[in-house]
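K.L.:
The amino acid sequence is not available; the structure is as follows:
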């Protein structure tokens, strides 16, 4: 594996907890990604509109609009490359029962990560979703 396996990728991270958001951003940058950090769904959708990322990683439970609402807004952008609504989205959540797993996959998330997760699991999930 390349020392920078995420080189040439733009990744938007949407996470309302400051420390977690900064940590995820630093980790992804260390792996070569160009990272845009957003503290809520509103900043996240703006970042997606402006940057056309290769991947979005989003917390599910956030104040205001949650991760499911963010995904709905992303998909409403349109699935063509101009709209950016077809971008793969990975959900992160601390609360994950079987019903939650089913809902996430049925709603259109490409993968989910139960918190807490290891850096290795985070990278593995990203590489799997992006087929790298």
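P.N.:
The structure has been received and is ready for your questions. This structure is a prediction, so every number in the text was calculated from the model and none was measured.

K.L.:
Find the centremost residue of the protein, please.
P.N.:
residue 57 (1.0 Å; Cα atoms, centre = their mean).

K.L.:
for the worst-scoring helix or strand of the chain on mean pLDDT, packing partners?
P.N.:
Of all helical and strand segments in the chain, the minimum by mean pLDDT, DSSP states H and E falls on helix 98-107, at a mean of 77. For helix 98-107, the packing partners by 3 or more Cβ pairs under 8 Å, 6 or more residues apart in numbering; DSSP states H and E come out as helix 67-76, strand 89-93, strand 111-114. The way it works is simple: take the backbone N, C-alpha and C, and place the C-beta from them, glycine included.

K.L.:
buried ones in it?
P.N.:
residue 104 (16 or more other Cβ atoms under 10 Å).

K.L.:
Quick one: residues contacting residue 116.
P.N.:
residue 94 (Cβ atoms under 8 Å, 6 or more residues apart in numbering).

K.L.:
Residue 29 now?
P.N.:
residue 35.

K.L.:
Report the separation between the residue nearest to residue 69 when sequence neighbours are not counted and residue 71.
P.N.:
Leaving aside its sequence neighbours, residue 69 sits nearest to residue 41 (Cβ to Cβ, 6 or more residues apart in numbering; 5.9 Å). To residue 71, residue 41 is 9 Å away according to Cβ to Cβ, to the nearest Å.
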